[in-house]
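[1] I'd like to go over a predicted model; first the sequence, then the structure.
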Number of protein chains: 2
Amino acid sequence: MESTPLQVRTVTEAAYRQIRDLILTGHFAPGQWVRERELTELLGVSRTPIREALRLLEQEQMVVAESRKGFRIPVPTESEIRAFYELRAELEGFAAAKAAHRATPEQVGEIRWVLAEADEALAREEWPQVIQWNNQFHQAVAQASGNAVLAQTLAKLQTQVNLFRVLSWTGHRERPSTTHRQHREIFNAIEARQEGTARARAEDHIWDSLPLALSGLSSVHHQ
Amino acid sequence: MESTPLQVRTVTEAAYRQIRDLILTGHFAPGQWVRERELTELLGVSRTPIREALRLLEQEQMVVAESRKGFRIPVPTESEIRAFYELRAELEGFAAAKAAHRATPEQVGEIRWVLAEADEALAREEWPQVIQWNNQFHQAVAQASGNAVLAQTLAKLQTQVNLFRVLSWTGHRERPSTTHRQHREIFNAIEARQEGTARARAEDHIWDSLPLALSGLSSVHHQ
DNA sequence: ATACTCCATATTGTATACATTATGCCAACC
DNA sequence: GGTTGGCATAATGTATACAATATGGAGTAT
């Protein structure tokens, strides 16, 4: 499950993670400028690694660069979010179908394990972990599709979803169990090698999560 | 049709384009290191904009960064290219289907116009222009899908395709007309609002171009 | 009051110097 | 002979100084 290299090797990488976390924890609000000087004071490093980190974050569109004005947190519009989820539904469906077609036994086991972990976290009501394992589920399925380019594309889309999610924690507490049930349905179809069913369940799952993302929008536009 | 801002506003942008062209024209071969010092001498600017430009190019995966070693041109493997085309087939198919569903009359006209231009360029045997207009065709269809996120994703995949293409100009001269015929079939389906047909034709079109990309591989691995 | 110009200030863009790490060669040793 | 260690060199990583540009407000003319 190695996700974080054990020791940070460059200041740029460290800055990248810290800035990303600052964004994900809502320290920077959508639409707000991310000033280089502010970050140098906050992180205690020079502008160079800050700028590089921001370029890295630009790759995941967690910030957008505007020439000679700086970087800012993007403000998603409703139509953008819809476009986003439409694409994601198609790709998650595709990944699930391919996983049903050619996942190795090990990969199927991996998904099952992730699902079990999510189950436990859910029972313990450890929500940060629940989110973590749910993300992991999508990654595992993408991996099992046997298409690394697809997996990477989905990973990038997923980080953006997390950005939306920051905006929309308006206490939907019945969602987690629904999500978990849908994940299990997708897994069952993959395990049973039912490509069509896997695709349909995965697509539906994404579409179901769209309203939650949209619900966070109004709070943003009113600031 | 505005694609290039009329005047370059920053050195970084200028460097970005020049380096990209150097890669696309084969000045840097796959697997080769792209040294910052070499580029500063070649372009006559300092390292800072060079590094920023390389980060930009990294976003399109025209170069890959290796920590404390620098940037290099990636060497695609056969399975990567296959994964790449599999994803692209799915997305181009999806885009064509959506375009058939909701392209505006203006967008349909735009595609028709691009196709006509490609036709003329083909008749004149102006191959660089043919390639240009063919790329334009895919962009126009993606635009007509009504999903900007999808269009952008496809645009990035397309730049990578162009990278493969650099490797594989082994004189396939019957391809252009085949390509053009397939493009017209896709357009006809879109114009007739036949979603399923549009998707199928677009998918087939991508799959047809896979062998050409693979044919360029052997020449790379033998160097 | 409104719009417009000009200027001070803040911010990003670029160059460059210095620090740190990787690379390759050569010699010494087993 | 092959391997290892260290050193010179070259490359990237980071900090900082300076340049160019954008921003906002004061003041003035209409």
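    Cool, the structure landed.

[2] hey, let's count contacts and neighbours off CA atoms from now on
    Noted.

[3] enumerate the residues of chain A near chain B.
    A:52, A:55-56, A:59, A:67, A:80, A:83-84, A:87, A:90, A:94, A:147-150 (Cα under 8 Å from any Cα of the partner chain).

[4] pull the most distant pair out of these.
    The span of those, defined through Cα to Cα, is set by A:S67 and A:F94 at 36.7 Å.

[5] out of the residues of chain A next to chain B, which are buried?
    A:52, A:55-56, A:59, A:83-84, A:87, A:90, A:94, A:147-150 (16 or more other Cα atoms under 10 Å in any protein chain shown).

[6] closest one of the residues of chain A next to chain B to A:Q32?
    Of the residues of chain A next to chain B, the one sitting nearest to A:Q32 (Cα to Cα) turns out to be A:S67, at 15.6 Å.

[7] so who does that closest one touch?
    By Cα atoms under 8 Å, 6 or more residues apart in numbering or on different chains, the contact list for A:S67 reads B:T10.

[8] please redo it, this time with the cut-off set to 10 Å
    Residues near A:S67 by Cα atoms under 10 Å, 6 or more residues apart in numbering or on different chains: B:9-10, B:13.

[9] helices of chain A, start to end?
    For chain A, applying DSSP state H gives helices covering A:11-24, A:36-43, A:47-59, A:78-102, A:105-123, A:127-144, A:148-167, A:175-191, A:195-215, A:217-221.

[10] list the buried residues for the fifth one?
    Residues of helix A:105-123 classed as buried: A:107-108, A:110-112, A:114-115, A:117-119, A:121-122 (neighbour count, 16+ other Cα under 10 Å).

[11] near DNA strand C, which residues of chain A?
    Contact residues, chain A versus DNA strand C (Cα under 7 Å from any atom of the strand): A:33-37, A:48, A:66-71.

[12] got a winner among these for most neighbours?
    When the residues of chain A next to DNA strand C are compared by neighbour count (other Cα atoms under 10 Å in any protein chain shown), A:F71 ends up highest, at 23 neighbours.

[13] okay, now the residue nearest to that one when sequence neighbours are not counted: neighbour count?
    Spatial nearest neighbour of A:F71, chain neighbours left out: A:A65 (4.5 Å); criterion: Cα to Cα, 6 or more residues apart in numbering or on different chains. By the criterion of other Cα under 10 Å, A:A65 has 18 neighbours.

[14] surely A:A65 meets A:I73?
    Yes: with contacts counted by Cα atoms under 10 Å, A:A65 reaches A:I73, the gap being 9.2 Å.

[15] show me whatever sits in contact with both of those two.
    Joint contacts of A:A65 and A:I73 (Cα under 10 Å, 6+ apart) are A:33-34, A:58.

[16] between the residues you listed, which sits nearest chain B?
    A:E58 (8.4 Å; Cα to the nearest Cα).

[17] A:A65 is in contact with the closest one, correct?
    Yes: counting by Cα under 10 Å, A:E58 touches A:A65, with 7.1 Å between them.

[18] picking that back up, the helices of chain A into a markdown table, with extra columns for mean pLDDT?
    Converted to a markdown table, these look like this (pLDDT from 0 to 100):
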| stretch | mean pLDDT |
| --- | --- |
| helix A:11-24 | 95 |
| helix A:36-43 | 96 |
| helix A:47-59 | 97 |
| helix A:78-102 | 97 |
| helix A:105-123 | 96 |
| helix A:127-144 | 94 |
| helix A:148-167 | 87 |
| helix A:175-191 | 93 |
| helix A:195-215 | 94 |
| helix A:217-221 | 63 |
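
[19] could you say which of these is packed most deeply?
    Comparing these by mean neighbour count (mean count of other Cα atoms under 10 Å in any protein chain shown), helix A:78-102 comes out on top with a mean of 22.

[20] what parts of chain A come near DNA strand D?
    Proximity of chain A to DNA strand D (Cα under 7 Å from any atom of the strand) is limited to residues A:9-12, A:45-49, A:68-69.

[21] how about these in CSV, adding distance to A:G216?
    Listed next are the residues of chain A next to DNA strand D as CSV, based on distance: Cα to Cα, whole Å:
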residue, distance to A:G216
A:R9, 36
A:T10, 35
A:V11, 34
A:T12, 31
A:V45, 34
A:S46, 35
A:R47, 33
A:T48, 34
A:P49, 32
A:R68, 30
A:K69, 27
